[in-house]
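Chemist: Structure for this input, please:
(one chain, ligands or ions: 2)
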Amino acid sequence: MTKTTILIAGKLHPRVLQRIGTAFEIVQIEKPDAALVDPQLLPKIKAVSSFVGVPASLIDALPNLEIIANFGVGYDGVDVKRAAERGIIVTNTPDVLNDEVADTTVGLLLNTLRRLPQAESWLRDGRWAREGNFPLSPLSLRGRTIGIYGLGRIGLEIARRLEAFGVPISYHTRTPRRDVSYTYYPDLRSLAEGTDTLICIVPKTPETHKTINAKILAQLGPTGVLINVGRGWTVDEDDLADALEKGVIAAAGLDVFQDEPRVPERLLKLDNACLLPHVASASVPTRNAMADLVADNLLNWFEKGEPLTPVPETPFERANS
Ligand code: NAP
Ligand code: 8YV
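Modeler: Ligands and ions are numbered 1, 2, ... in the order given. Have a look, this model is predicted:
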């Protein structure tokens, strides 16, 4: 029997290939660019999987495409509108990474406040022995008020963890949640005004672009702290660098940037910015779970005709539901 052909566009977690490699014929290209595919193969390709996204140009070049399996819960790299127009299912990897990303967020928050990376450098550089104790951290989690921008799957896990730290929690989403008792703010500005520690975990959408800007940062005030684990797109990085340089806010912890892997020079120079290279989900167990969900979406689609985790823009309705 002829095997279904799947295109892997760009580097992908090896476990996806291990899981699907025998069931399907795999075509691999360096980046999601249709020009890199042998033209004779284009009509054979029924699925694409990618870590870096799938543009409309690639979707348009594949006349028999049925499914795009995105590696990651955020699927902003996939042209989902074009996929929906063509009736192509897009899947992502929700839930299996919630705990890891929430754990990392709490770690990043504590590192930002208590300057633990700088304290370790102090020890490793021999300064503890030479100069004495590391300076007291001006900031602490004690007495802080937390505002979570985006209380979805991951935001909720962040909130649950921070409850154990004894800090009051508020949030902003477009729709208030009925299942939580945290304080709801109907807009981001009032959330920033009512809290001093803003944690961003919203998706990259046209509505969230640079919503964390000079005005929002000013609301947080001089002891304010911004933590961003959503997407760099949501923060105006020039405004943030200004605010950190001028003491408009006290510190920031960032896992994500507008133009990854490039990080603005101004942020790199700042001692009150704690910077991570987009590692919130990047552990072996969690990336394995994400890889399994990518593979299971593909296997389920071609074996049973059902995707496991389609995104809301390309819903899948079961024939008998
Ligand atoms: P989710 O369950 O869809 O939650 C998204 C939350 O954002 C919801 O509470 C949603 O509430 C809110 N939201 C969306 N648009 C909004 C807007 N315009 N204004 C206010 N709130 C808005 O998604 P998730 O699984 O928690 O993931 C969230 C995002 O985190 C992903 O899309 C991805 O970009 C990012 N992420 C980053 C990493 C990393 O490695 N750093 C890892 C995983 C995920 P409403 O719809 O009610 O507004
Ligand atoms: C991954 C993420 O780093 O799931 C997401 O949305 O941002 C991270 O878990 C991402 O998949 C890398 O492309």
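Chemist: so what's Leu254 bridging to?
Modeler: Using DSSP bridges, the bridge partners assigned to Leu254 are Asn228, Leu275.
Chemist: swap in Leu7?
Modeler: Val27, Val48.
Chemist: Hmm, Val27 and it touching each other?
Modeler: Yes. With contact defined as CB atoms under 8 Å, Leu7 counts as touching Val27 (5.0 Å). For the C-beta atoms, the positions are set from N, CA and C on the backbone; glycine is no exception.
Chemist: can you list residues touching both of those two?
Modeler: Common contacts of Leu7 and Val27 (CB atoms under 8 Å, 6 or more residues apart in numbering): 37, 45.
Chemist: The two: which has the busier surroundings?
Modeler: Taking neighbours as other CB atoms under 10 Å, Leu7 and Val27 compare with Leu7 leading, 26 against 18.
Chemist: how far away is that one from ligand 1?
Modeler: Leu7 sits 24 Å away from ligand 1, going by CB to the nearest ligand atom, to the nearest Å.
Chemist: Tell me the pLDDT of that residue.
Modeler: At Leu7, the pLDDT value in this model is 98.
Chemist: Let me see the contact set for it.
Modeler: For Leu7, the contact set (CB under 8 Å, 6+ apart) comprises 27-29, 37, 45, 47-49, 62.
Chemist: Pick the one among those closest to Lys11.
Modeler: Closest approach to Lys11 among the contacts of Leu7 (CB to CB): Gln28, at 9.3 Å.
Chemist: so what's Phe71 up against?
Modeler: Contacts of Phe71 (CB under 8 Å, 6+ apart): 12-13, 16, 49-51, 93, 290-291, 294.
Chemist: Include distance to Leu240 and pLDDT when you put the contacts of Leu7 into TSV, please.
Modeler: Putting these into TSV (distance: CB to CB, whole Å; pLDDT from 0 to 100) gives the following:
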residue	distance to Leu240	pLDDT
Val27	41	97
Gln28	38	97
Ile29	36	98
Val37	40	98
Ile45	41	98
Ala47	39	98
Val48	35	98
Ser49	34	98
Leu62	39	98
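Chemist: Any chance of TSV for the residues you listed, columns distance to Ile249?
Modeler: Below are the contacts of Leu7 laid out as TSV (distance: CB to CB, whole Å):
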residue	distance to Ile249
Val27	48
Gln28	44
Ile29	43
Val37	47
Ile45	48
Ala47	45
Val48	41
Ser49	40
Leu62	46
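Chemist: how near is the closest residue to Gly77 other than its chain neighbours to Ala241?
Modeler: Nearest residue to Gly77 in three dimensions, chain neighbours excluded: Gly53, at 2.2 Å (CB to CB, 6 or more residues apart in numbering). Going from Gly53 to Ala241 by CB to CB, to the nearest Å gives 27 Å.
Chemist: re the thing from before, the residue nearest to Gly77 and ligand 1, how far apart?
Modeler: Distance, Gly53 to ligand 1, using CB to the nearest ligand atom: 12 Å.
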